[in-house]
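# Please find the sequence and the predicted model below.
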Amino acid sequence: MALPAEFYDRLYRVAFRQGVSPQDAQAFTQAYSTLSPLEAARINPPLLARKAGLADDTALTLLIAGAREGLFSFEWGLVCPGCGSFAHTMDTISGVTDDFHCGFCDNTTTTTLDETVEVTFACPSNSFDPLADLHDHVCYHTSQSYPYQTELAAYHQRNTVAEARIDPGQTVDLTFTAQPGQDYRLISLESHASRTLYTTADGAATLDVVVDGSGFCGPGPSLGAGPVRLGVTNHCEDRIWVQVIRRVPQEIAAYSADGRPPQPRLSGKNLLTNQVFRDLFGIQELIPDLHIRVQAITLLFTDLKGSTELYDRAGDLPAYDLVQKHFQVLRQAVQAHSGAIVKTMGDAIMAAFPDPAQAVRAGMAMMEGIRALSEDWKPEQPGLKVGLHTGPALTVNTGGALDFFGQTVNIAARVQGLAEAGEIVLSTAVQAATPEVTALLTAGGYHLSPETSRLKGVAQAHGVLRCRPGGAPVALGAAGSRKGFFSRLLQGK
């Protein structure tokens, strides 16, 4: 796919600002240039990353930052878990609904950010026309992660008995022969309209329907066996493609029974837990009552123990300087491990991760960074405490920013409250979600102690894993035992 030199120049400037190497930017542009017009119309970021030989986060950084510069656009899609179709698409997360209906499968699905919301990108200059070819039309409206995309397109071609492209305000007659006992689906993928047509003994030979923003409207859906005329009037603002398809559900069921694994994709959860996205699109317009389910999110809370005493003993300026450096360490650790800082609270943070193992790695990296930060103040160290928990949550709008709400958030905060300075405490839910966590921490030199704790405000006792560095408890003592550390701060070191 040929693109103007200006596009590449602007993308390289984006890469430079985001700290992406010229080599990685070149690999990205080379892979991007090999995309077909269909692939470029709905870019799947993980698949593009694999084509370029890049880490997923690197390719996603270029797409997100490029979107901010107008090089790409992106949209949120509600993907049917049955057929992989984009049942609905929207420009902002505010358009995501609690549930959605798939016109092809005729099924309603509950929306979850990790399972049914997919984010894709596109280049505004792409000349792809989804109404030019039936195969490409179906593939465009089907997620690239769906492993049977080609088979689904073939299903449409094999079972479509009538079809037409209809301009706004135009009426087109679709004619076909309705077979006894056969049901049909009248669908328009781009307008997300659908209707089931049943063949009955007393059904009509002629039907006239209108398609608009609410779907297909008109008389009852019964057809008589034999020749049928179906008049369709387009009241949508854009040109649409209307199809009448034989319903053969056993063919679709055979695809999923095959067990082919899905391709990777960018879920809504992964985008919302990406630091670059939250930095660049934090002001995206949000509806006040936004609430979308996440089936599993890993939340990490931190606290800097002794910070109040630090300001009292060291003075505002040196203490403030240290706290800001500590935030830099935390941010670098979160972003390096595919997470995002949701908010800061005093000298603490709340961060979200799509993957529990990455959250644990981030916690370990934070501890390493804080130890490096405090090299000049041995033997004492700043007292960072880290807690993690995994579970379901709601994505909500709090003051125009995306936040998470629910018992998982409460438990994660309480788990952090169990940690002593220098410790990572994680719930057993994190271990259960990712068994490799134990090996990660052990390899990192942590001594692991399983415990059962009562968390404030939580009725049920929770199992936790207390992780102490160096195989022994961290002995930081009370504020009065930090004389060496604070005295060095007072001297400006």
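That came in fine, so what should we check first? Numbers count the residues shown, from 1 in each chain.
# State the phi and psi torsions of the residue at minimal distance from the centre of the chain.
Nearest to the mean C-alpha position of the chain, by Cα atoms, centre = their mean, lies Gly268 at 2.4 Å. Per-residue torsions, Gly268: phi -60, psi -40 (degrees, to the nearest 10).
# With the one 10 residues further on instead?
For Arg278, the backbone dihedrals (degrees, to the nearest 10) come out as phi -70, psi -30.
# So, low pLDDT: which residues of the stretch 351-493 of the chain?
Filtered on pLDDT under 70, the stretch 351-493 of the chain yields the residue ranges 375-382, 459, 471-493.
# pretty sure the residue nearest to the centre of the chain contacts Glu115?
No. Applying Cβ atoms under 8 Å, one finds Gly268 not in contact with Glu115, separated by 9.4 Å. Just so you know, the C-beta spots here come from the backbone N, C-alpha and C atoms, and that holds for glycine as well.
# Would you tell me what the next helix or strand after whichever helix or strand Val210 is part of is?
In the assignment (DSSP states H and E), Val210 maps to strand 206-212. Downstream of strand 206-212, the first helix or strand assigned by DSSP H and E is strand 215-217.
# From the contact counts, what lies against whichever helix or strand comes after that following strand?
With elements assigned by DSSP H and E, the helix or strand that comes after strand 215-217 is strand 222-224. The elements that strand 222-224 packs onto, with contact taken as 3 or more Cβ pairs under 8 Å, 6 or more residues apart in numbering; DSSP states H and E, are strand 193-200.
# for the strand it packs on, the distance to its chain's centre please.
34 Å (Cα atoms, centre = their mean, to the nearest Å).
# That strand pairs with which strands, and in what direction?
Applying DSSP bridges to the sheet, strand 193-200 is found paired with strand 184-188 (antiparallel), strand 222-224 (parallel).
# Out of those strands, which is the most enclosed?
strand 184-188 (a mean of 24; mean count of other Cβ atoms under 10 Å).
# Just want the angle from that strand to strand 206-212.
30 degrees (axes from the mean of the first three to the mean of the last three Cα atoms, to 10 degrees).
# Check what contacts strand 184-188 and list those residues.
Applying Cβ atoms under 8 Å, 6 or more residues apart in numbering, the contact partners of strand 184-188 are 103-104, 106, 161, 178, 193-197, 199, 209, 211, 216, 223, 230, 232, 240-247.
# switch the cut-off to 6 Å
103, 194-197, 211, 240, 242-247 (Cβ atoms under 6 Å, 6 or more residues apart in numbering).
# Same question for stretch 15-34.
Met1, Tyr8, Tyr12, Lys51, Ala52, Gly53, Leu54, Thr58, Thr61, Leu62, Ala65.
# Tell me where the stretch 1-150 of the chain has strands.
73-79, 86-90, 99-102, 107-110, 117-122 (DSSP state E, counting those that start in this stretch).
# which stretches of the protein have low pLDDT?
The chain contains residues with pLDDT under 70 at 1-2, 256, 282-288, 306-316, 318, 375-382, 459, 471-493.
# same thing but 50
379-380, 471-493 (pLDDT under 50).
# quick one on the thing from earlier: which among the contacts of strand 184-188 gets closest to Gln182?
Arg246 (6.0 Å; Cβ to Cβ).
# what's the burial count for the closest one?
Around Arg246 there are 17 other residues, counting by other Cβ atoms under 10 Å.
# Who are the contact partners of it?
By Cβ under 6 Å, 6+ apart, the contact list for Arg246 reads Asn159, Tyr184.
# For the residue nearest to the centre of the chain, give its distance to Val342.
Gly268 sits 15 Å away from Val342, taking Cβ to Cβ, to the nearest Å as the criterion.
# so what does the strand holding Val210 touch, helix or strand wise?
Strand 206-212 sits against strand 226-234, with contacts defined as 3 or more Cβ pairs under 6 Å, 6 or more residues apart in numbering; DSSP states H and E.
# Please, where are all the helices along the stretch 51-200 of the chain?
Secondary structure of the stretch 51-200 of the chain, counting by DSSP state H, counting those that start in this stretch: helices at 56-68, 134-140, 149-159.
# just to revisit the earlier point, excluding chain neighbours, give the residue nearest to the residue nearest to the centre of the chain in space.
Val117 (3.3 Å; Cβ to Cβ, 6 or more residues apart in numbering).
# quick one: the one you found and Leu266 touch, right?
No. In terms of Cβ atoms under 6 Å, Val117 does not count as a neighbour of Leu266; the distance is 9.6 Å.
# Report the beta-bridge partner residues of the residue lying closest to Val172 once chain neighbours are set aside.
Distances taken as Cβ to Cβ, 6+ apart put Ala164 closest to Val172, at 4.4 Å, once the chain neighbours are dropped. Assessed by DSSP bridges, Ala164 has beta-bridge partners Val242.
# Tell me how many other residues surround Ala164.
Look at Ala164: counted by other Cβ under 10 Å, it has 16 neighbours.
# how much space is there between it and Gly95?
With distances taken as Cβ to Cβ, Ala164 is found 28 Å from Gly95.
# Same question for Arg468.
Counting by Cβ to Cβ - Arg468 and Gly95 are separated by 47 Å.
# what do you get for Glu118?
With distances taken as Cβ to Cβ, Glu118 is found 14 Å from Gly95.
# now swap in Leu35 and tell me
Distance from Leu35 to Gly95, by Cβ to Cβ: 26 Å.
# who's more crowded, those two?
Leu35 (18 against 13).
# Now the more buried one. Its backbone dihedrals?
The phi and psi values for Leu35, taken as degrees, to the nearest 10, are phi -70, psi 140.
# roughly how far apart are it and Leu373?
Distance, Leu35 to Leu373, using Cβ to Cβ: 43 Å.
# Walk me through the domains of the chain.
By the assignment in automatic domain parsing, the chain contains the domains 5-127, 154-258, 286-490.
# The first one: end-to-end distance?
One end of domain 5-127 to the other measures 17 Å (Cα to Cα, to the nearest Å).
# Tell me how far it lies from the chain's centre.
Using Cα atoms, centre = their mean, the offset of domain 5-127 from its chain centre is 11 Å.
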